[in-house]
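**Q** quick one: sequence plus predicted model below, questions after.
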Amino acid sequence: MSTYELGHQPWHIASPAARLGEAGHDVRALDLAVEPWRDSDFDWAEAVGFSVPMHTAMRLAVEGAVRVRKSHPGLPIAFYGLYAAVSCDRVVGALADLVIAGEYENELVEWVTGPSRSSRPVVVDIGRMNFLKPARDRLPPLESYAHLQWQGSHRLVGYVEGSHGCRHRCRHCPIPSVYDGRYRVVGLESVLADIDQLVEMGAEHITMGDPDFLNAPPYSRELLTAAHRRHPQLTFDVTVKVEHVLAHEKIWSEWRELGVIFVVSAFETTNDRILAMLDKGHTTVEAARAVEILREAGIEVRPSWMPFTPWTEPDDLPSIFRFLDDNQLFENVDPVQMTIRLLAPEGSLLVERFPSDFDHYDARLLTYQWRPQHRATGELADELARIAEAASANGEDSVGTLESMWSTCEDRPVSATRRGVTPPRLTEPWFC
């Protein structure tokens, strides 16, 4: 089993490894984020599964499958995960015998165990299932992954998932094309057992990797409460939509007491017209209110951004930086966030809703191509990417880098308002 998941131990290897092990199969893992590829690692295998929970993983899986087909031509290959069904015309047959999107574990075990490994080449399954405690002994140690940087120390981080899918259908998100507004809980017993073993491995902080941790508020509260009761020293981060931060305003003080120290929230842009096109469910004013609510509870927000879309206007980037300044968020944002461009994979609700704004589908890049309606924004995207890349290579201060980006957008020198604090952050500067 091979995977690529930025910044954390791959749950989508550990969980199916447990299920396959229970069914009597020997499972070995390769995490391409931290381990080298060796063709000889596949000599013992009777089948290979590529975990593809994200865009980058799918692109690497395609490359990996090409290598496996070359080095081990008869070896059956499956792609499984959120992105598995992307570019099926290119993948199925040529690179994979089976792709499974959604809740893949039962189908994966059936594929490995059954007499035929290619009777249904494309499976989309969002049925309910029972999950075991993930088999993390197959993976590299926590020291190999992102750490929590907080209060002058670096702390080992564990990653769990309490649910899959999402009750919302944001048009730029790949999840609705598979789950279509539904979500599935993993279950308290499995998640808590996983947290127990992560603590035994040295974890002091847990990332709750659900697409939105407040899809099922009673379940989420019960999970956090139980985890805190068993491990009161743990801290947590969760991912929550702006509209859920506002709708559940009264929970945050309690959740801070339970150990939540920061919330990842997809702000995306400060252009309300584009937010409506994305069907994000919030406005810029509401995003500012979410920052205020969380800070009043003692919780930091780490907003994620997607500044560049076909509809981005010339003043949108300066507007985002002004928003950061007005809400004193410069210490909370990684510069790479200011370079993110919209990805529109197969099944994208955006392409379905606004087809004339997209060009052809690029099967190599796994996205529909698009051109900015304003030429200046395309040039700005290239310049900000250059600044971020150079700053990262030189180890420059993130706030200083953001100031350079802002100055470029405004075409004049600017200075960010700093709070003089170092908010908690993971050392892998990426949100997916």
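**A** Looks like it came in fine.
**Q** for the stretch 301-432 of the chain, which segments count as helices?
**A** 316-326, 349-353, 375-394, 398-410 (DSSP state H, counting those that start in this stretch).
**Q** also the stretch 1-150 of the chain?
**A** Going by DSSP H, counting those that start in this stretch, the stretch 1-150 of the chain shows helices at 11-22, 55-71, 88-91, 105-113.
**Q** let me know the secondary structure of the spatially closest residue to Ile320 that is not a sequence neighbour.
**A** Spatial nearest neighbour of Ile320, excluding adjacent residues (CB to CB, 6 or more residues apart in numbering): Thr270 at 5.2 Å. The way it works is simple: take the backbone N, C-alpha and C, and place the C-beta from them, glycine included. Assigned with DSSP: H, G, I helix; E, B strand; the rest coil, Thr270 falls in the coil class.
**Q** ok, Thr270 touching Pro318?
**A** No: taking contacts as CB atoms under 8 Å, Thr270 lies outside contact range of Pro318: 9.5 Å.
**Q** of these two, which one has the most company?
**A** Thr270 (24 against 17; other CB atoms under 10 Å).
**Q** just list the residues touching Leu156, thanks.
**A** Leu142, Glu143, His147, Leu148, Met201, Gly202, Ala203, Glu204, His205 (CB atoms under 8 Å, 6 or more residues apart in numbering).
**Q** and it, that one's in a helix?
**A** No: according to three-state DSSP, Leu156 belongs to no helix; its state is strand.
**Q** domains of the chain?
**A** Listed by automatic domain parsing, the domain ranges of the chain are 2-125, 141-426.
**Q** for the last one, what is the average pLDDT?
**A** When you say that, I think you mean domain 141-426. Mean pLDDT, domain 141-426: 96.
**Q** what about that domain, how long is it end to end?
**A** End-to-end distance for domain 141-426: 17 Å, by CA to CA, to the nearest Å.
**Q** and what of stretch 248-264?
**A** Terminal-residue distance, stretch 248-264 (CA to CA): 15 Å.
**Q** what lies in contact with it?
**A** 150, 205, 214, 217, 221, 224-225, 227-228, 232, 234-240, 245, 293-294, 296-304, 423-425, 431.
**Q** filter those down to the buried ones.
**A** Among the contacts of stretch 248-264, the ones that count as buried by 16 or more other CB atoms under 10 Å are 150, 205, 214, 221, 224, 227-228, 234-240, 245, 293-294, 297, 299-304, 423-425, 431.
**Q** those in strands, which ones?
**A** 150, 205, 235-239, 300-304, 425 (DSSP state E).
**Q** now those as JSON lines including distance to Ser177?
**A** Shown next, in JSON lines, are those (distance: CB to CB, whole Å):
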{"residue": "Trp150", "distance to Ser177": "36"}
{"residue": "His205", "distance to Ser177": "32"}
{"residue": "Thr235", "distance to Ser177": "33"}
{"residue": "Phe236", "distance to Ser177": "29"}
{"residue": "Asp237", "distance to Ser177": "26"}
{"residue": "Val238", "distance to Ser177": "24"}
{"residue": "Thr239", "distance to Ser177": "19"}
{"residue": "Glu300", "distance to Ser177": "32"}
{"residue": "Val301", "distance to Ser177": "28"}
{"residue": "Arg302", "distance to Ser177": "26"}
{"residue": "Pro303", "distance to Ser177": "24"}
{"residue": "Ser304", "distance to Ser177": "20"}
{"residue": "Arg425", "distance to Ser177": "30"}
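**Q** from those, which single one is nearest Glu107?
**A** Nearest to Glu107 out of those is Thr239 (CB to CB; 26.4 Å).
**Q** wait, what's in contact with the residue nearest to Ser190 when sequence neighbours are not counted?
**A** Here the nearest residue to Ser190 in space, its sequence neighbours aside, is Phe131; by CB to CB, 6+ apart that works out to 4.2 Å. Listed by CB under 8 Å, 6+ apart, the contact set of Phe131 reads Ser15, Arg19, Glu105, Val186, Gly187, Ser190.
**Q** the residue lying closest to Glu107 once chain neighbours are set aside bridge partners, please.
**A** Using CB to CB, 6+ apart and skipping the chain neighbours, the partner closest in space to Glu107 is Ile100 (4.7 Å). Applying DSSP bridges to Ile100 yields these beta-bridge partners: Tyr80, Val123.
**Q** and for Ile100, the neighbour number?
**A** 26.
**Q** and it, what is it in contact with?
**A** Ala78, Phe79, Tyr80, Gly81, Ala84, Glu107, Leu108, Trp111, Val123, Val124, Asp125.
**Q** could those residues be laid out in a markdown table, adding distance to Ser40 and pLDDT?
**A** Output for the contacts of Ile100, formatted as a markdown table (distance: CB to CB, whole Å; pLDDT from 0 to 100):
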| residue | distance to Ser40 | pLDDT |
| --- | --- | --- |
| Ala78 | 21 | 94 |
| Phe79 | 22 | 95 |
| Tyr80 | 24 | 96 |
| Gly81 | 25 | 95 |
| Ala84 | 26 | 92 |
| Glu107 | 29 | 93 |
| Leu108 | 24 | 94 |
| Trp111 | 24 | 93 |
| Val123 | 31 | 90 |
| Val124 | 34 | 88 |
| Asp125 | 33 | 89 |
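**Q** closest one of those to Phe354?
**A** Nearest to Phe354 among these, with distances taken as CB to CB, is Val124, at 24.2 Å.
**Q** tell me how many other residues crowd the residue nearest to that closest one when sequence neighbours are not counted.
**A** Leaving aside its sequence neighbours, Val124 sits nearest to Ala101 (CB to CB, 6+ apart; 4.7 Å). The number of residues packed near Ala101 is 26, by other CB under 10 Å.
**Q** repeat for Arg289
**A** 17.
**Q** Gly152 too?
**A** 6.
**Q** what pLDDT does the model give Thr113?
**A** 88.
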